[in-house]
Every structure is written in C-alpha cells, then in structure tokens.
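S.K.: sequence first, then the predicted structure, then my questions.
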Amino acid sequence: MGNCYIALEALLLEMGHEVIVPPTCTKRTLNLGTKYSPESACLPLKINIGNFLEAIELGAEGIIMAGGSGPCRFGYYAEVQREILTDLCKDIEIIVLEPPKENFPKFRAQLSRLFATKGIRSFTRGAQFAWEKLKVAESLEQITHVSRPREAIQGQTSQALEGALWRLRSTSTVRGIRELGQLECDHIRSLAVRAGNPLKIGIVGEIYTVLEPFVNLDLEERLGHLGVEIKRTINLVEWIKHHLILNSLRLYKDDFLRQKAKGYLRGFVGGHGLESVAHAVMLAEEKYDGVIHILPFTCMPEIVAQSVLSHVSYDFKIPIMSLVVDEHTGEAGFQTRIEAFVDLLERNCKEEKQIDETTSCLSGS
C-alpha cells in the first residue's frame, strides 16, 4: 500500500527477520489476484492476493496481515485470503494482527512468533526506525504535491521522489534518516520553479485506493502533470497515531469528524466513510477548487459516502467527482474523466475571476 513497505521492512529487519518485499504492483499482480479471488471481492483484496502469490514465488514463508472489525469487509480479508491460499496448496503461515477480543492466548502466541528471534527490545528499536522512515516518506510525498505542478520539466519531481525513497530504504540510523529527509525534501522543494497559482484539488476516499498508485492509476501524478496541486486527506502517520495507538488505548475521539459530517451522516458506516465526508466538508471550507473521491467497486462505506457527497457538493458549491476503480478500469477513460474535471474547475475559476473583476469595477465607479 503505497510506500508503507519501507517502514515495515525496517521494523521486521531490526526484529531479526528476513523480509521479502513483493514486486511493485503490476498487471500481473492484478491478474493473479483476480484469477483466484471471488469476483465480488473489492479490488484491494485481489491486489493483496497477487502480492502474496508473487512473494511466495520469491520464497516467502509467512505473511503478516492486519485484521479489523465493523461494516467494512477488511476485517474478513485475512480469513478469506487464508482459504484462497490453502485451496491453492500454498504452505504459508499467516499471522493476523488485530486487537484481541476473546482469544488472547492466540494473539500472544502470534506476537511470540514475531519476537522469537531477537526479543521484544528489538521491536522498540525497529519501531523507532520504522516511524522515522514513515514520517520522512510522507513528508517527501506531501512536498511532491506542491512541486509537481510547478516543475520545469515534467517528470523531474517523480524521478527525484523515487531516488529519495530508494536512499531512505537503505538508511539504517535515526540520525541518518532525519538528515536524509531534510536534504531530499529541500531538493524536491527546489524543483518548484514555475510561478502561478495552480488549481487545488483535495483527494478523499478509501485508504488503499488513495495511497496505492497502481490501484488509483497514478492519480496524484496525473493531476500534477495537469498543473494541479493536490491535498491527500489520508496519511499513514495520522492513521497509526489515531487508530493503532490511541484507539487501542481507548483514547481516540472522532468527535471533530462527526461534527464536520453532522447533517450528512447519522451513524457509523465503517471504513473511511466518515473521513471522506468530513474531509470533503473541510476542503470546501478551505476554499479548494474541487474534490476527487476515489473508492473500490462494491466498497460499502464509500458507497454510502458517495451518496452523501452530492449533498456536500450542492451545499458548499464545490465540484466533487467520484472515481470507482476495479480490475476493468481503463486508463484512457480514467484520464479523460480527470481532464474533463480539471477543465470544469478551470472554467469555474475564470468565471469567478470575471465576476470579481466586474464587481470591483462597479464598486470603484
């Protein structure tokens, strides 16, 4: 899922494990996942299956998978995937990490497998490396959102990001990670040489489709090359703080999000449905030019959010476009819809500017 593998690799290496990172997602990954997954399963599950099968081909013996609960089907992923791999006669151990509700001994046994090599202290050190790398990776990505529409040569920013992430992956000290982060952030920031005020679009939606470039067909890069500055409303640093740390301690409160979504959502819909609606409202309040809502086909929480976002768009007079992705999504049609949406926003901005100029002239006279 995006660049989170850089942090997880650092954590598991420090804990004494050999880490096999699956190849970058490709059409082959998708084809493998689609072939062996239920047709009605959402796209992230299918991509996961493709990732697992490619990792097994490279020698992986175990898979660590997150669990969950609630209306979102993500909570069932691990068990469905286990059954699929068993049917394919793949001898693979799957460790599911989720808050224990009843079977605490099983949860403890799974953690013991992870800590068996170098002990629990290795987790503390590894978590620090992972956290620093995750923060740097996301800082780099956020800076590209500003630099890409202002770069002199198209592709410079993406190339610089790729090199920076490769160097980040091989850095093994906290000090080195921080120094590298500062250096690379400054370099990518320096690529923003073109003046002007580009369109600003916020991206909301289901976390996997927002973060994984292969699944969202490089949405961020496409928008940047069209001269659009984006704001990604979901990031892993905040998600880990809120949902993994504070929520496990029962300290996380989503009152602010609920307040923003008040009048649009009246109950918990699971997944990132609440965040999609609340963040769309916040983007409208921040005077963004438009919002893109991206979701996997059949994703129930985001389908609920999609039905609500039309009301947000009407109330706040902000254009919102939903992009639904699955294994049949065509690149040409996807690009056409994005270009048409950007053209619409540009026309809106020109009309608003003309109205402002006319009003200013009338006031002056």
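M.R.: Cool, got the structure.
S.K.: and the chain, what are its domains?
M.R.: Under automatic domain parsing, the residue ranges defining each domain of the chain are 18-116, 119-196, 198-365.
S.K.: could I get those in TSV, plus columns for mean pLDDT?
M.R.: Putting the domains of the chain into TSV (pLDDT from 0 to 100) gives the following:
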stretch	mean pLDDT
domain 18-116	88
domain 119-196	94
domain 198-365	90
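S.K.: include distance to residue 1 and mean neighbour count when you put those into TSV, please.
M.R.: All C-beta spots, glycine's among them, are computed from the backbone N, C-alpha and C. What follows is the domains of the chain, written out as TSV (distance: least, CB to CB, whole Å; neighbours: other CB atoms under 10 Å):
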stretch	distance to residue 1	mean neighbour count
domain 18-116	8	16
domain 119-196	12	17
domain 198-365	5	17
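S.K.: which stretch among those comes nearest residue 8?
M.R.: Between residue 8 and the domains of the chain, the tightest spacing by CB to CB is seen for domain 119-196, at 6.6 Å.
S.K.: between the two ends of that closest one, how far is it?
M.R.: Chord length of domain 119-196, first to last residue, is 54 Å (CA to CA, to the nearest Å).
S.K.: that one: how far from the chain's middle?
M.R.: Centroid separation between domain 119-196 and its chain, computed with CA atoms, centre = their mean, to the nearest Å, is 16 Å.
S.K.: then stretch 67-82?
M.R.: Stretch 67-82 sits 18 Å away from the centroid of its parent chain (CA atoms, centre = their mean).
S.K.: and the contacts of that stretch?
M.R.: 38, 41-42, 44-45, 48-49, 52, 63, 65-66, 94, 96-98, 268-271, 299-301 (CB atoms under 8 Å, 6 or more residues apart in numbering).
S.K.: cool, and stretch 132-146?
M.R.: Counting by CB under 8 Å, 6+ apart, stretch 132-146 makes contact with 3-4, 6-7, 10, 157-158, 161, 164-165, 168-169, 171, 174, 177-178, 180-181, 184-185, 188-189, 192, 220, 224, 229-232, 235-237, 240, all of which sit outside it.
S.K.: inside strands: which ones of the residues you listed?
M.R.: With DSSP state E as the criterion, strands contain 229-232 from among the contacts of stretch 132-146.
S.K.: and residue 31, what element?
M.R.: Using DSSP states H and E, residue 31 sits in helix 27-36.
S.K.: from residue 331, how far off is residue 132?
M.R.: From residue 132 across to residue 331, the span is 36 Å (CB to CB, to the nearest Å).
S.K.: with residue 167 instead?
M.R.: 30 Å.
S.K.: again with residue 16
M.R.: 42 Å.
S.K.: what does residue 174 give?
M.R.: With CB to CB as the criterion, residue 174 and residue 331 are 40 Å apart.
S.K.: next: residue 193.
M.R.: Remark: distance between residue 193 and residue 331 (CB to CB) = 29 Å.
S.K.: now swap in residue 273 and tell me
M.R.: 27 Å.
S.K.: same thing with residue 296?
M.R.: Per CB to CB, residue 296 is found 17 Å from residue 331.
S.K.: what do you get for residue 220?
M.R.: Where residue 331 is concerned, residue 220 sits at a distance of 15 Å (CB to CB).
S.K.: right, I'll call it a day here.
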